[in-house]
Every structure is written in structure tokens, then in C-alpha cells.
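> after the sequence you'll find the predicted model.
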Amino acid sequence: MYQTLLLDADGTLFDFDAAERRAFEKTCGAMGLAYTEGFYRRYQAANAACWRKYEKGEITKPQLQYDRFAALVDFSDPAAANEAYVGFLARGSQLMPESVPVLTALKAMTPARKCCIITNGIDRVQRQRLRDSAIAPLIDGIVTSEEAGAVKPAAGFFEYAFRKLGLTEKGDALVVGDSMITDIAGGANYGLDTCLVDYEGSYGGEAPRPTHVIRRLTDLLALV
């Protein structure tokens, strides 16, 4: 049914929670700070707030990276903390349990199908994580917000992705992701079918309604 799958990275294919926690723990050690769950939760809150601003176009990616550590007074040098964190995060290529078998099955079903990653994540981090991961041979392309010059959910991001990946027919592509804002709203506003990966079963029917809702990545196989 769909010849191209535009797959979100973090929270969809990659286990970002595991990678983020490990990277922050190592960053604390590198900066001479003690890691605690409370400290990590404070970072998560600051980081999430910065990403929301970035996705709305209120701050740049470099500002995001600096501000999330500057918001925590524990870090006397936010720039150095971010540099350490990004380095550790780039080595965190943990995958969701079903990513490899599902992508393998998708390729076996239709060898000509393209499976591509679309992500707002930091370009050098996402590319290294992909290169080091078991899904690297199964991915046909990656588009990041930095290279696109636009951020999901903006139409400009999807326009760039279509040009880069050589896509022409919107009806042949499906956006697959775990975010109602960046993936589902972004894809729908560009005129694409969308698939919400609702691992936690938290979707309550709010708009914009995804074309498909799945609870496990394996459910994707029945849609294509």
C-alpha cells in the first residue's frame, strides 16, 4: 500500500529513554557531579521545555543545546556539559525491541520499498547512532531538521524530505512516529497518511486523528 515509510527515530525505532539516561549519567561523571534520579528528572524537564521551543521555531538548535544545561545551575559550564553529553548520546544506539525484525520483514515483503528516517534530533548524533546500529543496512535514507533548514512539524521539513528522497506521490508515503505534534500533525498538514506508534496506549482520539494507530511496531506490517 505504501512504497515509502518516513519513520521517526527517537521513541519509534530507537530507545531514546535508555540512551538519554545513560548519556546524562556519563555526563555527570565527566563534569564531576553526582548522578541521581532527581537530578535526571530536572534535566528531562529542562530539555523537554527547550525542545518545545525549538519545534515552535522560538530558539535555534545551538541555543537548545546550551539552554538545557544552563537551566541547571549545577553545571558551571553548560557548553562543556552539552559537548560531553552529545558525544555520549551519539554512542547510544539502543533500539526498540521490534525495530530490527519489523524493518527486516518490511524489506522482505517489498524489496523496492524505501524505509527512511525523518528526525529533529541533532544531525551528528543521529547519523552516528544510525551507523552504529543494527538497522543501518535496512534504512534507505535519513533527513534531519538541520540539513532541511526546517523542523518537524513544519511543511518545509516534509518538502525537503520529498525532494531529497526523490518522492513525488504523497499517497505512496506513510509517516510513522510516536509524536502527535511533530509526526502526526506534521505529516497530516502536508497531506500524508500517518501512523501513530502508541506504545503506552495513551492516545485518546484527539485531533488531528492519525490515519492508523498501532500499539506495537509489528502491527505496521498489516498496514503496508
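Looks like it arrived, so ask away. Residues are numbered from 1 along each chain as shown.
> measure the residue of the chain most remote from its centre to residue 64 for me?
Among the C-alpha atoms of the chain, the one most distant from their mean position (Cα atoms, centre = their mean) is that of residue 32, at 29.4 Å. Distance of residue 32 to residue 64, computed by Cβ to Cβ, to the nearest Å: 24 Å. All C-beta spots, glycine's among them, are computed from the backbone N, C-alpha and C.
> just to revisit the earlier point, can you tell me which residues contact the residue farthest from the centre of the chain?
Counting by Cβ atoms under 8 Å, 6 or more residues apart in numbering, residue 32 touches no other residue.
> checking my notes, it in a helix, right?
No. Residue 32 is assigned coil when assessed by DSSP: H, G, I helix; E, B strand; the rest coil, not a helix.
> what does it show for phi and psi?
The phi/psi pair for residue 32 (degrees, to the nearest 10) reads phi 70, psi 30.
> how much space separates it from residue 41?
20 Å.
> now for the nearest residue to residue 134 once chain neighbours are set aside, how many residues are close by?
Of all residues not flanking residue 134 in the chain, residue 100 sits nearest, at 5.2 Å (Cβ to Cβ, 6 or more residues apart in numbering). Using other Cβ atoms under 10 Å, residue 100 is surrounded by 15 other residues.
> tell me the spacing between the residue farthest from the centre of the chain and residue 42.
Separation of residue 32 from residue 42 (Cβ to Cβ) stands at 17 Å.
> what do you get for residue 138?
Counting by Cβ to Cβ, the separation of residue 138 from residue 42 is 37 Å.
> ok, those two, which is more surrounded?
Between residue 138 and residue 42, counting by other Cβ under 10 Å, residue 138 is the more crowded of the two (17 against 14).
> that one touches residue 101, doesn't it?
No. Using Cβ atoms under 8 Å, residue 138 is not in contact with residue 101, being 10.3 Å away.
> any common contacting residues for these two?
Contacts common to residue 138 and residue 101, judged by Cβ under 8 Å, 6+ apart, are absent.
> what secondary structure does residue 17 sit in?
With three-state DSSP as the criterion, residue 17 reads helix.
> what about it, how many neighbours?
13.
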